[in-house]
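A.B. asks: Give me a 3D structure for the following:
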Amino acid sequence: MRYSSVLRVGISLISLAAIVNAQAAQDSVETERATVTAAREWIGGRPFSEWTRVSGDWGGYRTRLEEIGIEVAGSYTADWVSPLHGGQRSRDTYVSLTDVNVAFDLDTLLGLERSLLYVDAYQIHGRQPSNDIGDAQGVSNIQGPNTEQVAELWFETWVGERLRFKVGKVDFNSEFAFNEFGGDFVHSTVAITPSIVAYPTYPNPAAAFIAFCRLEESSYVSIGAFDGAGADGFKTGRKGLGGPFESTQSDSWFFACEVGTAWAGGNTWGSGRLALGAWHHSAQFAQFSGGTSDGSSGAWFTFEQVLHRENPEQQGDDQGLRGFVTLGFADDDVTLFGRTTTVGCSWVGPLERRDSDVLGLAMNNADLSDRSGAGTRRPSVSNRTFNTSSIRVVAPASTMPSCFCCAWRSPSDRGDAAARGAAVPCCKLKRERGPQPCCISPFRP
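C.D. replies: The predicted model follows:
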């Protein structure tokens with residue numbers, strides 16, 4: 001009787017301990033779930049002002065997709081442009097770009113090491129501001145004909161530690177001739193030299209094959225062959241992956257090569273990059289002086305440097321002063337821009353407690369062709385743009401850049417409205433721009 005009482009008491013104690021442990025485990029799970037929910041970018045989680053993406057985590061589904069190797073991103077970018085002085089016509093212009101892209105990590109999905117499949121589709125809507133301003137270089141970096149298209153679709157893989165190959169429909173400036181720091185500006189030619197002839201970039205990427213080789217720890221060489229049908233009047237952005245093999249009406253190719261090196265810097269002197277590239281287009285081009293040219297060639301030079309780091313002890317901190325220089329060279333008997341020069345700087349975090357805001361200043365000069373048929377009217381004419389850019393980060397998921405741009409020609413050519421110059425304020429709204437898998441090289445500053 002005594003043993004049975006002891007047994008019952010023991011069983012009761014074990015049961016009670018099991019219940020307590022089960023309740024503690026359940027409380028731990030609920031606490032963990034509450035912690036995850038509180039950290040999630042969704043309703044009931046982080047405040048909207050702290051979200052890194054406007055549409056959030058989709059109730060956890062976005063994170064689940066990323067865990068299996070599928071990353072969905074996108075952006076809505078809108079530019080408002082209005083000429084204050086000069087130009088072709090005085091009216092407000094609104095142009096927008098809606099972009100959705102998906103990156104498939106094939107290492108996670110299929111076990112293909114260091115391989116990626118990328119799809120990018122976008123819609124361009126609105127008038128082109130340059131039609132009102134009368135500038136030749138492009139006021140807005142998102143302007144283009146109204147279109148809806150799958151702009152990029154490519155496969156990329158690494159072979160060993162040195163070789164990278166990319167094949168598919170690619171934007172030229174995602175791999176070549178791009179000034180990273182100039183991308184903060186609304187004006188397109190701050191980041192991309194306009195002297196390259198008929199190259200396959202936004203809004204007309206093209207089928208391509210690209211090979212990248214890491215020469216040393218911080219040096220590289222990259223070559224690419226692109227469908228050059230854009231020079232023959234085809235919209236390559238709307239073509240498929242077949243490129244020049246889809247039609248017999250164009251057999252033009254665009255070739256590019258870039259050699260570069262980068263350095264990490266130290267202390268307050270930050271990282272930098274130096275690149276030199278050359279291009280050749282095989283299409284036939286009409287010459288300003290008369291006749292045609294069997295192909296056209298040119299070169300570019302890019303230098304960008306973090307001049308001063310405010311917090312060198314903090315790894316990955318971007319605050320500080322950055323500078324860049326870009327040069328472009330081409331045949332001025334084929335293109336309007338024989339030589340271009342861009343110099344600029346930007347300051348990240350100019351205000352206290354506004355570490356992601358950017359204030360920038362850039363100057364671009366394009367020497368226009370003096371050939372008789374170029375339409376520039378006078379010899380040694382230049383077209384210049386002066387840009388100031390301030391980017392206010394409204395929230396981690398959105399930005400509100402504003403830009404004031406002045407475009408003018410040399411004093412010797414002030415005979416028409418377009419030549420008198422235009423003062424143009426621009427305002428850009430950018431929402432939810434996800435990570436872009438395509439890159440210039442592994443050595444971004």
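
A.B. asks: quick one: contacts of stretch 304-323?
C.D. replies: The contact list for stretch 304-323 (CB atoms under 8 Å, 6 or more residues apart in numbering) reads 179-181, 265-273, 324-325, 344-349, 355-356, 445. Any C-beta I mention is one placed from the backbone N, CA and C, and that applies to glycine too.

A.B. asks: Which PyMOL command selects the buried ones in those?
C.D. replies: Typed into PyMOL, the line below selects the buried ones among these, using 16 or more other CB atoms under 10 Å:
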select buried, resi 179+180+181+265+269+270+271+272+273+324+325+344+346+347+348+349+445
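
A.B. asks: among the contacts of stretch 304-323, which are in strands?
C.D. replies: 272-273, 324-325, 344-348 (DSSP state E).

A.B. asks: quick one: average confidence on the longest strand seen in the chain?
C.D. replies: Determined from DSSP E, the single longest strand within the chain is strand 292-309. For strand 292-309, mean pLDDT rounds to 95.

A.B. asks: Note down every partner strand of that strand and its orientation.
C.D. replies: Partner strands for strand 292-309, per DSSP bridges, with pairing direction: strand 272-286 (antiparallel), strand 320-330 (antiparallel).

A.B. asks: quick one: it to chain centroid distance?
C.D. replies: 17 Å (CA atoms, centre = their mean, to the nearest Å).

A.B. asks: now stretch 87-105
C.D. replies: 13 Å.

A.B. asks: next one: stretch 169-189
C.D. replies: With CA atoms, centre = their mean, you get 6 Å for stretch 169-189.

A.B. asks: State the mean pLDDT of it.
C.D. replies: The model assigns stretch 169-189 a mean pLDDT of 89.

A.B. asks: mean confidence score for stretch 77-94?
C.D. replies: 81.

A.B. asks: Regarding it, how distant is the last residue from the first?
C.D. replies: 11 Å (CA to CA, to the nearest Å).

A.B. asks: How about stretch 230-237?
C.D. replies: 9 Å.

A.B. asks: buried sites along it?
C.D. replies: Buried-residue list, stretch 230-237, by 16+ other CB under 10 Å: 230-232, 234, 236-237.

A.B. asks: got those as TSV, with secondary structure and pLDDT columns?
C.D. replies: What follows is the buried residues of stretch 230-237, written out as TSV (DSSP: H, G, I helix; E, B strand; the rest coil; pLDDT from 0 to 100):
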residue	secondary structure	pLDDT
Gly230	helix	92
Ala231	helix	92
Asp232	helix	91
Phe234	coil	91
Thr236	helix	90
Gly237	helix	90
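
A.B. asks: Can you lay out these as TSV showing distance to Val102?
C.D. replies: Compiled in TSV, those are given as follows (distance: CB to CB, whole Å):
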residue	distance to Val102
Gly230	25
Ala231	30
Asp232	31
Phe234	26
Thr236	21
Gly237	18
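
A.B. asks: State the phi and psi torsions of Leu65.
C.D. replies: Dihedral angles of Leu65 (phi, psi; degrees, to the nearest 10) stand at phi -60, psi -40.
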